[in-house]
Structure formats: C-alpha cells, structure tokens
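**Student:** here is a sequence with its predicted model. Questions after.
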Amino acid sequence: MTSPEKPILPSRVAAELQKLADFRKSPDFKADEYEHRFSRMISELRDRRIGGSREEILGALTPLKDSGVITLPDWVRLTKQLGLA
C-alpha cells in the first residue's frame, strides 16, 4: 500500500501560478496550452489538496489576484473548483 502524497504548500501553488502568468506573457504563449496547464494544475490540486487553513491558502494566493498575476476569471475558477469561494 502506498502512502498518500503530502498536500501541496500554498507557497508552491503561488509559485506555479506565477510560472503560468509568466508563460502567458511569453512569445511562445498559446491560449490552448495555457488552458491545458491551468486545468491540469487545478486537477492536481484537487487530487492532492493544498496544505494549510483556508486563510493561509487565500493569504498566499490573494496577492497574485490583487497584483494582476492571475486574471479575475482564472481566480474565480480556481477558488470555486478548489472550494475556496
């Protein structure tokens, strides 16, 4: 029997969202590839969970929304699908 994977730290989620935002700004950006990566990240987060309390998770991720790193539609989607909304 395998042990369950550890939950992902909120700081790691924030770093991955930053990487996605950087990709969106790159000359290699393709909307369908961004969508695929974003969707896959949400699926993995739902499978493994994010460690910490709701406040800790939102505390790490909200600055990304406030600074424009993550778009409002992506923020709404992320928080709804992860049960944070």
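**Tutor:** Yep, it's here. Numbering: from 1, shown residues only.
**Student:** can you tell me the closest non-neighbouring residue to residue 13?
**Tutor:** Residue nearest to residue 13 in three dimensions, not counting chain neighbours: residue 50, with 5.8 Å by Cβ to Cβ, 6 or more residues apart in numbering. Every residue, glycine included, has its C-beta placed from N, CA and C.
**Student:** give me the pLDDT for the one you found.
**Tutor:** Looking at residue 50, its pLDDT stands at 91.
**Student:** near it, how many other residues are there?
**Tutor:** 20 (other Cβ atoms under 10 Å).
**Student:** contacting residues around it?
**Tutor:** 7, 8, 9, 10, 13, 57, 82 (Cβ atoms under 8 Å, 6 or more residues apart in numbering).
**Student:** ok, now how distant is the fifth one from residue 6?
**Tutor:** Computed as Cβ to Cβ, to the nearest Å, the residue 13 to residue 6 distance reads 13 Å.
**Student:** between those two, point out the one with more neighbours.
**Tutor:** residue 13 (22 against 9).
**Student:** I'd say that one and residue 64 touch.
**Tutor:** No: the criterion here is Cβ atoms under 8 Å, and residue 13 misses it with residue 64 at 9.3 Å.
**Student:** show me where this structure has its strands.
**Tutor:** Assigned strands in the chain: none (criterion: DSSP state E).
**Student:** so where's it shaky on pLDDT?
**Tutor:** Residues of the chain meeting the criterion pLDDT under 70: 1-4.
**Student:** extract the C-alpha trace of the helix ranked longest in the chain and format it as PDB.
**Tutor:** If you go by DSSP state H, the chain has its longest helix at helix 31-48. Coordinates of each C-alpha in helix 31-48 appear next as PDB, following Å, rounded to 0.1, in the frame of the first residue of the first chain:
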ATOM      1  CA  ALA A  31      -4.100  30.000 -25.300                       C
ATOM      2  CA  ASP A  32      -4.900  26.300 -25.600                       C
ATOM      3  CA  GLU A  33      -1.700  25.300 -24.000                       C
ATOM      4  CA  TYR A  34      -2.200  27.800 -21.100                       C
ATOM      5  CA  GLU A  35      -5.700  26.400 -20.600                       C
ATOM      6  CA  HIS A  36      -4.400  22.900 -20.600                       C
ATOM      7  CA  ARG A  37      -1.800  23.700 -18.000                       C
ATOM      8  CA  PHE A  38      -4.200  25.700 -15.800                       C
ATOM      9  CA  SER A  39      -6.800  22.900 -15.900                       C
ATOM     10  CA  ARG A  40      -4.200  20.200 -15.100                       C
ATOM     11  CA  MET A  41      -2.900  22.300 -12.200                       C
ATOM     12  CA  ILE A  42      -6.400  22.500 -10.700                       C
ATOM     13  CA  SER A  43      -7.000  18.800 -11.200                       C
ATOM     14  CA  GLU A  44      -3.700  18.000  -9.400                       C
ATOM     15  CA  LEU A  45      -4.600  20.400  -6.600                       C
ATOM     16  CA  ARG A  46      -8.000  18.700  -6.100                       C
ATOM     17  CA  ASP A  47      -6.300  15.300  -6.000                       C
ATOM     18  CA  ARG A  48      -3.500  16.200  -3.600                       C
END
